[in-house]
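**Student:** fold the following, please.
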Amino acid sequence: MAENILVVGLNPAWQQTLVFADVKENDVNRATQSLQFASGKGINALRALDCIDEKATILQVVGGATGEGIVEYAESLNCPHLTVKTESNTRICTTVINQNSSAVTELIGKSEPVSMLEFSKLNQKVNELNGFKAVLISGTTYAGVDESIYNKIIEQCADSFIIVDSCKGLEKTLKDVTIDVLKINADELKELTTEDKVKNGIASLRSQFNIKTIIITNGKRPVTISTENHIYELVLPVLRRTLNPIGAGDTSAAILLNEFAKVTNLNDEVILEVCTKAFAAASASCFTFIPGQFDGETAKEIAEQIFTLQLS
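**Tutor:** Just a heads-up that it's a prediction; the model follows:
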């Protein structure tokens, strides 16, 4: 239920996706398709939840006409929102898809920093957070908001199941708190620990922070899952003729949030079952142009092709 789970998506975007048969540098390129919609990691997670008829409350910072479009989208999904409004417009991001080469390029717009008053309003909303069974913290903060706000959210929601999904400033986010699931990619793991090998990076994370389950994604390669007992690999099927991989990580995070919120007895078998559902949905989302959108039947078919290996 929307009242039970919270998505923290502090840095949403108004998204433009342009699809080209081919893209040529220093030339005029005409799109074959043009899409505009609310996006950002938190909004993409709401969209993924809507694909399975689930809702969540979202905490977000938005501004201007683009921000109003994001609020309207959340309301169209019947999702409660805790919104701080700024005077400046929410950023516009553009995805360029070259169908000839299958290249997908993401152009990130600039956000103007929040004012002291706007930051104070965000702090007030954080101080009022309570009663959520599970919380997903996803993405970067809004410009001008220090990443330590995530640490504060975790402390405020200490009784919730906490999932942190590849947000910046992890040292501040994970400092002096306990989280249930950390999901980052292999590049982020190396940046955080300076370790080239995933197993060494996981060991380094466990020596620095209190994390119960660590999930490391690595593009098309297997997903590494480290529970408190063992390390596993989740082997995904090879996907062909995909349309847009942007937002696949947001999709998996949303399904992780929804599924873990239902769990009463957590063990390795349950964790692997939840991860299989989550990454099957993520893979299915790659067959659509809109981040976070996926077909449930496609996700089920992909889930049947996923298998796990125990590494230790």
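
**Student:** now Asn78: how far from Lys55?
**Tutor:** 6 Å (Cβ to Cβ, to the nearest Å). The C-beta positions use only the backbone N, C-alpha and C, and glycine is treated the same way.

**Student:** no no, Val263
**Tutor:** Summarising the geometry, the distance separating Val263 from Lys55, computed by Cβ to Cβ, is 18 Å.

**Student:** higher neighbour count, the two?
**Tutor:** Lys55 (19 against 15; other Cβ atoms under 10 Å).

**Student:** and the more buried one, that one's in a helix?
**Tutor:** No: with the criterion set as DSSP: H, G, I helix; E, B strand; the rest coil, the secondary structure at Lys55 is coil rather than a helix.

**Student:** shouldn't it be in contact with Cys79?
**Tutor:** Yes: in terms of Cβ atoms under 8 Å, Lys55 counts as a neighbour of Cys79; the distance is 5.2 Å.

**Student:** quick one, what contacts the residue nearest in space to the middle of the chain?
**Tutor:** Centre of the chain computed as the mean C-alpha position; nearest residue by Cα atoms, centre = their mean is Asp250, 3.1 Å away. The contact partners of Asp250, by Cβ atoms under 8 Å, 6 or more residues apart in numbering, come to 41, 44-45, 48, 138, 165, 291-292.

**Student:** and of those, the nearest to Gln16?
**Tutor:** Pro291 (12.2 Å; Cβ to Cβ).

**Student:** tell me how far the closest one lies from Gly247.
**Tutor:** For Pro291, the distance to Gly247 equals 2 Å [Cβ to Cβ].

**Student:** and what about Lys300, helix, strand or coil?
**Tutor:** Secondary structure, three-state DSSP: Lys300 is helix.

**Student:** ugh, wrong one, Ile58
**Tutor:** Three-state assignment for Ile58 (three-state DSSP): strand.

**Student:** quick one: it and Pro237, what's the gap?
**Tutor:** According to Cβ to Cβ, Ile58 stands 31 Å off from Pro237.

**Student:** residue ranges of the helices in this structure, please?
**Tutor:** Using DSSP state H, the helices assigned to the chain run over residues 41-50, 64-76, 116-127, 148-156, 170-174, 186-193, 198-208, 248-260, 268-285, 296-303.

**Student:** mean pLDDT and distance to Arg91 added to those helices, as CSV?
**Tutor:** Converted to CSV, the helices of the chain look like this (pLDDT from 0 to 100; distance: least, Cβ to Cβ, whole Å):
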stretch, mean pLDDT, distance to Arg91
helix 41-50, 98, 13
helix 64-76, 97, 8
helix 116-127, 96, 15
helix 148-156, 95, 18
helix 170-174, 90, 21
helix 186-193, 94, 21
helix 198-208, 96, 30
helix 248-260, 98, 16
helix 268-285, 98, 22
helix 296-303, 98, 30
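
**Student:** in CSV, list the ones you listed along with distance to Phe20.
**Tutor:** As requested, those are exported to CSV (distance: least, Cβ to Cβ, whole Å):
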stretch, distance to Phe20
helix 41-50, 22
helix 64-76, 24
helix 116-127, 37
helix 148-156, 37
helix 170-174, 35
helix 186-193, 27
helix 198-208, 35
helix 248-260, 21
helix 268-285, 21
helix 296-303, 25
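
**Student:** of the ones you listed, which is nearest Ile108?
**Tutor:** Taking Cβ to Cβ as the criterion, helix 41-50 is the member of the helices of the chain that comes nearest to Ile108, at 12.2 Å.

**Student:** and that closest one, how far out from the chain middle?
**Tutor:** Once both centres are worked out by Cα atoms, centre = their mean, to the nearest Å, helix 41-50 turns out to sit 8 Å from its chain's centre.

**Student:** could you list the low-confidence segments of the stretch 1-150 of the chain?
**Tutor:** 1-3 (pLDDT under 70).

**Student:** returning to that earlier point: which one's more surrounded, Ile58 and Pro237?
**Tutor:** Each of Ile58 and Pro237 had its neighbours counted (other Cβ under 10 Å), and the higher figure belongs to Ile58 (29 against 15).

**Student:** show me the contacts for that one.
**Tutor:** Contacts here follow Cβ under 8 Å, 6+ apart; on that basis Ile58 touches 6-9, 42-43, 46, 74, 79-82.
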